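# structure for the following, please:
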Amino acid sequence: MNTTLLLMGIGTQELLFIILILLILFGGKKIPELMKGIGKGVKSFKDGMNGVEENLKDTDQKKEEVSSTDHKEK
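Numbering: from 1, shown residues only. So this is what the prediction gives:
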């Protein structure tokens, strides 16, 4: 039985193979540093995306405020 672990269809055997290749390429000492760097990159990306979303929401709110004040003046 081959269980699918990720959405992209990577099974148990494929995951073990990827881990083995990482161990061979980077060694046991470098993998924690590599994962730490990847984690920081993902966090930075998420923070950037949240900043973009907040900026878009602020822009939409300002447009709504301007349009509502325009309607009140008429």
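
# what about stretch 11-26, average pLDDT?
For stretch 11-26, the mean pLDDT works out to 87.

# swap in stretch 39-56?
Rounded mean pLDDT across stretch 39-56 is 90.

# just how off-centre is it within its chain?
On the basis of Cα atoms, centre = their mean, to the nearest Å, stretch 39-56 sits 8 Å off its chain's mean C-alpha point.

# so what touches that stretch?
Around stretch 39-56, nothing counts as a contact under Cβ atoms under 8 Å, 6 or more residues apart in numbering. To be clear about C-beta, it is placed using only N, CA and C from the backbone, and glycine gets the same treatment.

# can I get the CA coordinates of it in PDB?
Output of stretch 39-56 as PDB, limited to C-alpha atoms (Å, rounded to 0.1, in the frame of the first residue of the first chain):
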ATOM      1  CA  GLY A  39      11.900  28.000   7.200                       C
ATOM      2  CA  LYS A  40      13.100  31.600   7.400                       C
ATOM      3  CA  GLY A  41      12.400  32.000   3.600                       C
ATOM      4  CA  VAL A  42       8.900  30.700   3.900                       C
ATOM      5  CA  LYS A  43       8.200  32.900   6.900                       C
ATOM      6  CA  SER A  44       9.500  35.900   5.000                       C
ATOM      7  CA  PHE A  45       7.300  35.000   2.000                       C
ATOM      8  CA  LYS A  46       4.200  34.700   4.100                       C
ATOM      9  CA  ASP A  47       4.900  38.000   5.900                       C
ATOM     10  CA  GLY A  48       5.300  39.700   2.500                       C
ATOM     11  CA  MET A  49       2.100  38.200   1.200                       C
ATOM     12  CA  ASN A  50       0.200  39.400   4.400                       C
ATOM     13  CA  GLY A  51       1.700  42.900   3.800                       C
ATOM     14  CA  VAL A  52       0.400  42.900   0.200                       C
ATOM     15  CA  GLU A  53      -3.100  41.800   1.400                       C
ATOM     16  CA  GLU A  54      -3.200  44.500   4.100                       C
ATOM     17  CA  ASN A  55      -2.100  47.100   1.600                       C
ATOM     18  CA  LEU A  56      -4.900  46.000  -0.900                       C
END
